[in-house]
Structure formats: structure tokens, C-alpha cells
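Q: kindly generate the corresponding structure for this input.
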Amino acid sequence: MPTRFRKVRKKRGSRTHGWGQIGQHRKSGARGGHGATGKHKHKWTWVLKYDRDYFGKHGFFRPNRKEIKTVNLLQLSTLVENMEEKNEVKMVNGKIVVDLQSIGIRKVVGGGEVSKPLLVIVERWTKSAEEKIKQAGGELVKPGEIKV
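A: Next up, the predicted model:
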């Protein structure tokens, strides 16, 4: 709206510019207080009509689960191949040592296949992963059970 059409321009000289007695267009008296003031008192009917969920607890916060980083056997095989390319392979009793604990992986799952004998150091594993690794001539060991 252009300034020239505003009430303050049209009502020049009328003392309150159409806002009634002095104070009716000032501060928060006419609104029953600033913002959410009075929602539990004199603005209760407004709350019932427009903002029913304002009071009380709502919903459910589920406790956070601990996230366990996993690796499957296919990824494990790829990791071993990368280690061999970079000449970072350690051997113990003819088995390639893979310390998953040191790279933050806590569990081995059984997806994929393993073709080489591996000595895998990890906290947890599934039965299928254990069977496949043992079939390839390897073994699974918990951290601290063996020194590499």
C-alpha cells in the first residue's frame, strides 16, 4: 500500500487516527498480553479452538540403538584383495590376518564367499559367516584372544 493512502495520512489532525481512545493502539493491552500469555487462563477458549495440542506430552521417543558396523564376506574379500595390492598383508600360520576391530567394524555377516584362508579379528559374527570362513580354511577370533 502506498504511503499516501495509509490511515495516518488520511487522519492527520484527528489525534488518534481512528484508533479510539489513547492507548487502544499501543502495546499489548488489547490483545490480552504478549504472544502466548494467558493460554491457560483467559485465552483458554482460543486454545480449545485453534491449538488443542499446545499442552501435554505427545508422541514417543524411542531409546537410541547402538549402531553396529558390519561387513559381509564379499566386502571382506575385496578388503583382502586391496591389502594384497598394497602389500599390507600379515600372515600367521598360513592365514591372512584381517583386523576388523582396528578399522571400527564390529560384526561379520555371511553374504558372499571367501576363497582364501583368513584369520579375522572381530567382536561378533554370524553362524553362516563362521561356516564359510572355516570352509575356506580360516578362523574367527575375538580381540585379545590372539597376538598378531
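Q: please name the bridge partners of V71.
A: For V71, the beta-bridge partners under DSSP bridges are V108.
Q: part of a helix, is S102?
A: Yes: assessed with DSSP: H, G, I helix; E, B strand; the rest coil, S102 lies in a helix.
Q: in contact with it, which residues?
A: I121 (Cβ atoms under 8 Å, 6 or more residues apart in numbering). Any C-beta I mention is one placed from the backbone N, CA and C, and that applies to glycine too.
Q: swap in the one 10 residues further on?
A: Contacts were defined as Cβ under 8 Å, 6+ apart; by that measure G112 touches 72-77.
Q: before we move on, what about I22?
A: Taking Cβ under 8 Å, 6+ apart as the test, what I22 contacts is 15-16.
Q: work out for me the element it sits within.
A: Here I22, judged by DSSP states H and E, is contained in no helix and no strand.
Q: local confidence estimate at the residue positioned nearest the centre of the chain?
A: Nearest residue to the geometric centre of the chain (Cα atoms, centre = their mean): N64, 9.4 Å. In the predicted model, N64 carries a pLDDT score of 90.
Q: circling back to that earlier point, just among the contacts of G112, which is most surrounded?
A: L76 (25 neighbours; other Cβ atoms under 10 Å).
Q: sec struct for it, please.
A: helix.
Q: show me what contacts it?
A: So L76 contacts 98, 100, 108, 112, 114, 118, 120 (Cβ under 8 Å, 6+ apart).
Q: report the beta-bridge partners for the closest residue to I146 other than its chain neighbours.
A: Counting by Cβ to Cβ, 6 or more residues apart in numbering, I146 lies nearest to I121, which is 7.1 Å off, once chain neighbours are set aside. Note on I121: beta-bridge partners D99, V141, judged by DSSP bridges.
Q: alright, calling it a day.
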